[in-house]
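Visitor: how would this look folded up:
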Amino acid sequence: MEARAEAVEMTLEGTVEALSWKRAKAEELADAAAASEADCRPLELEALLQRLRSCGARGDDEDYISELFAAWAAPGENGKMLSLSDFLLRYLEIARRLPSKQCGAPCEGGLPPGSEPLERELVRLVSRDGKGNWAAKAAELSSSFPASTAESLEALWHALAPKIKKVVDGDQPMACGHSCSTCPTKHTCQVHDAIKDIEDL
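Guide: All right, here's what the predicted structure looks like:
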């Protein structure tokens, strides 16, 4: 029985992790739901899905939500029922104990698919070291990009920065699947400081 319970718990952890909701947003929604009499009332699955969609859940989240509903809902007059408040509290109970995963992908600042290798490498260096010190960056890249100079890298960064700012400010997903707000390296990444003075497009 213990092994079965552990297996069920691991499955639920995997489902919660797959949803990849922002924990701060889920906590905000949970606090609001706990204070709302309507959100503390038990709901059938379809009503819960509709309520979560109104809170920002995506269409591809529905299978995961349905799995969690099946595990957490209690029998009611018309079948299984679960309130929005209880769903969010159960979700957060698991989400808070999941370890933060390190992202193995180098920061690429939301560059579009097909970006040049030099562009990706430059963004990686800026994310690590910040903008400026272009001569050192050119020296580090010289083996792979021998034509790069301090001046050419600075000019390339000024061309890329407005595009990167648009993605970063919009918190858009990048190729690795993270957005800036969910990236495990967000506290050490230098890209935000490097683009803060860039004018919007």
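Visitor: break this protein into its domains for me.
Guide: 2-95, 117-195 (automatic domain parsing).
Visitor: the longest helix seen in the chain - contacts with which helices or strands?
Guide: Ordering each helix of the chain by length in residues (DSSP state H) puts helix 150-169 first. Counting contacts by 3 or more Cβ pairs under 8 Å, 6 or more residues apart in numbering; DSSP states H and E, helix 150-169 packs against helix 117-129, helix 134-141, helix 191-195. No exception for glycine: its C-beta is placed from N, CA and C like everyone else's.
Visitor: rank the domains of the chain by pLDDT, which is bottom?
Guide: Among these, domain 117-195 carries the lowest mean pLDDT, a mean of 83.
Visitor: now that domain: how far from the chain's centre is it?
Guide: 19 Å (Cα atoms, centre = their mean, to the nearest Å).
Visitor: quick check: end-to-end length of that domain?
Guide: Domain 117-195 has an end-to-end distance of 20 Å (Cα to Cα, to the nearest Å).
Visitor: one more: stretch 35-51?
Guide: Span of stretch 35-51 from end to end, Cα to Cα: 16 Å.
Visitor: how about the helices in this protein?
Guide: Counting by DSSP H, the helices of the chain are 2-19, 23-34, 45-54, 62-72, 84-95, 117-129, 134-141, 150-169, 191-195.
Visitor: identify all contacting residues around the fourth one.
Guide: Counting by Cβ atoms under 8 Å, 6 or more residues apart in numbering, helix 62-72 makes contact with 8, 11-12, 15-16, 18-19, 45, 48-49, 52, 57, 80, 82, 86-87, 90-91, all of which sit outside it.
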